[in-house]
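Engineer: coords please:
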Amino acid sequence: MKFKKVHALKGEVAVPGDKSISHRAVMFGSISNGLTEITNFLYGADCLSTIHCFRQMGIQIENTTDRILIHGKGLHGLSKPYDTLDTGNSGTTIRLISGILAGQSFESTLNGDQSIQNRPMKRIITPLRMMGASITSIRNNDCAPLHIAGRSLKGIHYHSPIASAQVKSSVLLAGLYADGSSSVTEPYLSRNHTEIMLNYFGGDVQTLETTATIQPAAELYGQKVLVPGDISSAAYFLTAGLIIPNSEILLKNVGINPTRAGILQVYKEMGADITILKEHSDSGEASADILVKSSSLQGITIGGDMIPTLIDELPVIAVLACFAKGTTIIRDAQELKVKESNRIDVMVKNLSSMGADITATDDGMIIVGGYPLQGAVIDSKSDHRIAMSFAIAGIAADGETEILDADCVKISYPDFYEDLYHLTCK
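Structural biologist: Numbers count the residues shown, from 1 in each chain. Got it, this is the predicted structure:
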């Protein structure tokens, strides 16, 4: 797919439902008693993988025109799947579902695509085994495919070496089936959608600073879940609105959970003209409309406890940094190396090909802004966030930019290119 420079973006966008919350709504609804009704669900490939896995375990899930209906069977109502559970490209699916499967009464096997088979699973294998789980990397390389033999679990207090919502959630979900309380302490607070939603479904999760503690549950209960727009998807339009002159974009009903909304704080520190409107809460999650206007930006240093709140947005933040005055330093972001691609290497290579002054470090990037970008051929590495980031770079760069394997955006935002096109002023 090819992109050329545009001179303004104006209009409104309703970005698709939050991917993290959509995943969890399906999972928690499946292990709850009664009906769970999900509106504004993200119909992306990752979330559809979660639905497929729970259907394989006997859960009736209806896709209607405007909602998902989950007919939950309770904490112990899942059935043994008669085939491998295919999690596709979804790290959230494979890591969270492992926590649920660890406490079941049957055996199961989890696998995914080539990317998933190369992503690190030891980070969940270690704490789940501490709880008494039988979980094995079939190829003995600490990656998928995984074999899990459900059994009785014990509560633990796990000190995670990384701030990861997927690790924390895997342990908390296993903790639903444990013989006592289970806690996870992180070096920094990661996104807390699991804690919010488990409590919304009737669970008992308490948070003190960076420690989340769950009590084993007798039952969870089906709920109505309105999924807010995904701030990770909104990030591309926030960035485009800031770096393309004469732009003004209104993003409707976007989730602004503080553990996810670090990009708003970072952009404001860089001088962004961003206004939060109509703030409200649905299903325990904060949401708002966000108005963004083109702005003069200044480079800053991004690191520490800010990183877990914007880890998925760092690729497009790197694009924005090319248009800011001075130097932007991204540090403490080693996690970028083990996403769908090595996002540090991919961003540095591709932005360098467009003429950016960017250098890779062991844990991030150094970007000196002010060098006009030139169109180039971009290898997305089949990574949806890389493809969307360079679509934004492409419409801000001189010349023509071509993105290879551009269709990978279907993982999280199937209509991304259409929504971007509708903002283009000709």
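
Engineer: now Gln334, nearest residue through space, not along the chain?
Structural biologist: Nearest residue to Gln334, sequence neighbours excluded (CB to CB, 6 or more residues apart in numbering): Asp363, at 4.7 Å. Where C-beta positions appear, they are placed from N, C-alpha and C, glycine not excepted.

Engineer: what separates stretch 256-275 from the chain centre, distance-wise?
Structural biologist: 17 Å (CA atoms, centre = their mean, to the nearest Å).

Engineer: so for it, what's the average pLDDT?
Structural biologist: Average pLDDT, stretch 256-275: 97.

Engineer: which residues of the stretch 51-200 of the chain fall in strands?
Structural biologist: 60-63, 67-73, 85-86, 107-111, 134-137, 146-149, 157-159, 182-185 (DSSP state E, counting those that start in this stretch).

Engineer: What strands line up against the longest one, and which way round?
Structural biologist: Paired neighbours of strand 67-73 in the sheet (DSSP bridges): strand 33-39 (antiparallel), strand 60-63 (antiparallel).

Engineer: Mind listing what's buried along the longest one?
Structural biologist: The reference is to strand 33-39. Applying a neighbour-count criterion of 16 or more other CB atoms under 10 Å, one finds Asn33, Thr36, Glu37, Ile38, Thr39 buried in strand 33-39.

Engineer: For the fourth one, give me its contacts.
Structural biologist: Shown here is Ile38, whose contacts under the criterion CB atoms under 8 Å, 6 or more residues apart in numbering are Ser22, Ala25, Val26, Gly29, Arg67, Ile68, Leu69, Ile70, Val225, Val227.

Engineer: cutoff 6 Å now
Structural biologist: Residues in contact with Ile38 (CB atoms under 6 Å, 6 or more residues apart in numbering) are Ala25, Ile68, Val225.

Engineer: related to what we said a few turns ago, can you tell which of the strands paired with strand 67-73 is closest to Val266?
Structural biologist: Closest approach to Val266 among those (CB to CB): strand 33-39, 30.2 Å.

Engineer: Any buried residues in stretch 2-9, and which?
Structural biologist: Buried residues in stretch 2-9, counted by 16+ other CB under 10 Å: Phe3, Val6, Leu9.

Engineer: I meant stretch 354-370, not that one.
Structural biologist: Within stretch 354-370, the residues that qualify as buried are Met354, Gly355, Ala356, Ile358, Asp363, Gly364, Met365, Ile366, Ile367, Val368, Gly369, counting by 16+ other CB under 10 Å.

Engineer: So of these, which two are at opposite extremes in space?
Structural biologist: The span of the buried residues of stretch 354-370, defined through CB to CB, is set by Gly355 and Asp363 at 24.5 Å.

Engineer: So which of the buried residues of stretch 354-370 sit within strands?
Structural biologist: Filtering the buried residues of stretch 354-370 for membership in strands, criterion DSSP state E, returns Ile358, Gly364, Met365, Ile366, Ile367, Val368.

Engineer: beta partners of the fourth one?
Structural biologist: Bridge pairing for Ile366 (DSSP bridges) gives the partners Ile329, Thr359.
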